[in-house]
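In: have a look; sequence and predicted model below, questions after that.
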Amino acid sequence: MSLLSGDPPRSRLLALLLVLILLLLAAAPFAFPGPRALAVAAKILIFIVLVASYDLLLGYTGIVSFAHTMFFGIGAYGVAIASTRMEPGWTAVGAGLLCALAVSLLFALVIGLASLRVRAIFYAMITLAVAAAFQTLSSQLSWLTGGEDGLNFKVPQMLRPAYKAYAQPVLGLNIDGRIITYYLIFLAALLLFLLLLRIVNSPFGRVLQAIRENAFRAEAIGYHTVVYRSASNVLAALFATVAGALYALWLRYNGPDTTLSFEIMLNILLMLVIGGMGTMYGAVLGATLFVFAQSYLQDGLHVLHEAVSAAGLIAPLFEPDRWLLWLGVLFVLSVYYFPGGIAGKLRR
């Protein structure tokens, strides 16, 4: 209970799903050997943090922002730029992360204090404009960000694929730099998620939920809603920045389309809606299901297409190239049957 900050899943099925996901992610390098499976598991971990940080903003505070990927990109660019301008190592990673956190803090404060007094739809439009401007700026400042080509950089020696931690395999697996990077991301994602869970179940988090339900009433009983909403905006931005830094460490690359595209923002919204807003646990379910479907749905359709290839009318529906259509169908069905998200329905 203390580890979960006094907010257990409240559902045996939800608890079972969360434990299963935790165990699978913890054992992924051993249970699912291969670079593709490891990359999918790492992406799930990073997006769990990113979606959970957005849940703090949207699900718990009621703020609709389209600039969340901007902070995600700032974290990734911070590590990438520092690693290309400095000697590759932990000093460069630390300096890049600290600078990225400072920039995100500044941007979040400016956007929050300047815009949070306006109505929700106008604030959403302001954040959309800021995010689009930042993406354009990152593409044009080629001397700093690499432009459209992005930045390739070297990570610390311990995180490089050529690094070998042990001379002999451990449980049949060679522990190299990629495995170490994965478990670094795993531990960071676990700690960040537990910290977010602690924040939303603190007195501060209760005030955020009160503001979400009725901002006028919260203001009337003495809470300065602009201050709390700005603090929520800053916290969500900082967590997204750390997620971006972890993503850059994993890819050893960053570019405008990698972390700043509007498609990523839409994916975050989809993951949050599928998992369930205002639950935190929904971020785990939503990110896991969406990233897994995004990565393996096309392969599944290929198997189905071969199985029903004799049926002339049905076979075209299962063409692997139509995986986006089926992803949309799965999303519509999940929203129809789980209007409050999977975690939201299970908790009720």
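Out: Okay, I see it. Residues are numbered from 1 along each chain as shown.

In: okay, now the residue lying closest to Leu251 once chain neighbours are set aside: neighbour count?
Out: Using Cβ to Cβ, 6 or more residues apart in numbering and skipping residues adjacent in sequence, the residue nearest Leu251 is Thr258, 6.9 Å away. For every residue, glycine as well, the C-beta is placed using N, CA and C. As a burial measure, Thr258 scores 20 neighbours (other Cβ atoms under 10 Å).

In: what of Thr181?
Out: 23.

In: same for the helix or strand where the residue nearest to Leu251 lies, what does it pack against?
Out: If you go by DSSP states H and E, Thr258 is part of helix 256-259. Judged by 3 or more Cβ pairs under 8 Å, 6 or more residues apart in numbering; DSSP states H and E, helix 256-259 is in contact with helix 68-85, helix 120-140, helix 225-251.

In: show me what the longest one is packed against.
Out: Same thing as helix 225-251. Contact analysis of helix 225-251 by 3+ Cβ pairs under 8 Å, 6+ apart lists helix 35-58, helix 68-85, helix 90-115, helix 177-200, helix 203-213, helix 215-220, helix 256-259 as its packing neighbours.

In: highest mean neighbour count across these, which stretch is it?
Out: Greatest average neighbour count among the helices and strands packed on helix 225-251 goes to helix 68-85 (a mean of 27), per mean count of other Cβ atoms under 10 Å.

In: pull that one out as PDB, backbone CA atoms only.
Out: C-alpha atoms of helix 68-85 as PDB (Å, rounded to 0.1, in the frame of the first residue of the first chain):
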ATOM      1  CA  HIS A  68       3.300  17.700 -24.200                       C
ATOM      2  CA  THR A  69       5.400  16.300 -27.000                       C
ATOM      3  CA  MET A  70       7.400  19.600 -27.000                       C
ATOM      4  CA  PHE A  71       8.700  18.800 -23.600                       C
ATOM      5  CA  PHE A  72       9.300  15.200 -24.700                       C
ATOM      6  CA  GLY A  73      11.400  16.600 -27.500                       C
ATOM      7  CA  ILE A  74      13.300  19.000 -25.300                       C
ATOM      8  CA  GLY A  75      14.500  16.100 -23.100                       C
ATOM      9  CA  ALA A  76      15.600  14.100 -26.100                       C
ATOM     10  CA  TYR A  77      17.300  17.100 -27.700                       C
ATOM     11  CA  GLY A  78      19.000  18.100 -24.400                       C
ATOM     12  CA  VAL A  79      20.800  14.700 -24.200                       C
ATOM     13  CA  ALA A  80      21.500  14.600 -28.000                       C
ATOM     14  CA  ILE A  81      23.000  18.100 -28.200                       C
ATOM     15  CA  ALA A  82      25.100  17.700 -25.000                       C
ATOM     16  CA  SER A  83      26.400  14.300 -26.200                       C
ATOM     17  CA  THR A  84      27.500  15.800 -29.600                       C
ATOM     18  CA  ARG A  85      29.100  18.900 -28.200                       C
END
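
In: so where's the stretch 1-150 of the chain uncertain?
Out: In the predicted model of the stretch 1-150 of the chain, residues 1-2, 115-120 satisfy pLDDT under 70.

In: hmm, Val291 is touching Leu45, no?
Out: No - with contacts counted by Cβ atoms under 8 Å, Val291 stays clear of Leu45, the gap being 9.5 Å.

In: quick one: Ile274 and Pro339, what's the gap?
Out: 11 Å (Cβ to Cβ, to the nearest Å).

In: ok, the two, which is more surrounded?
Out: Ile274 (24 against 11).

In: mind giving me the packing neighbours of the helix or strand hosting the more buried one?
Out: If you go by DSSP H and E, Ile274 is part of helix 262-275. Secondary-structure packing of helix 262-275 (3+ Cβ pairs under 8 Å, 6+ apart): helix 35-58, helix 68-85, helix 120-140, helix 281-307, helix 323-337, helix 342-347.

In: using PDB, write out every CA atom in the helix holding Thr258.
Out: C-alpha atoms of helix 256-259 as PDB (Å, rounded to 0.1, in the frame of the first residue of the first chain):
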ATOM      1  CA  PRO A 256      11.900  16.400 -35.200                       C
ATOM      2  CA  ASP A 257       9.700  13.500 -36.300                       C
ATOM      3  CA  THR A 258      11.000  11.200 -33.600                       C
ATOM      4  CA  THR A 259       9.800  13.200 -30.600                       C
END
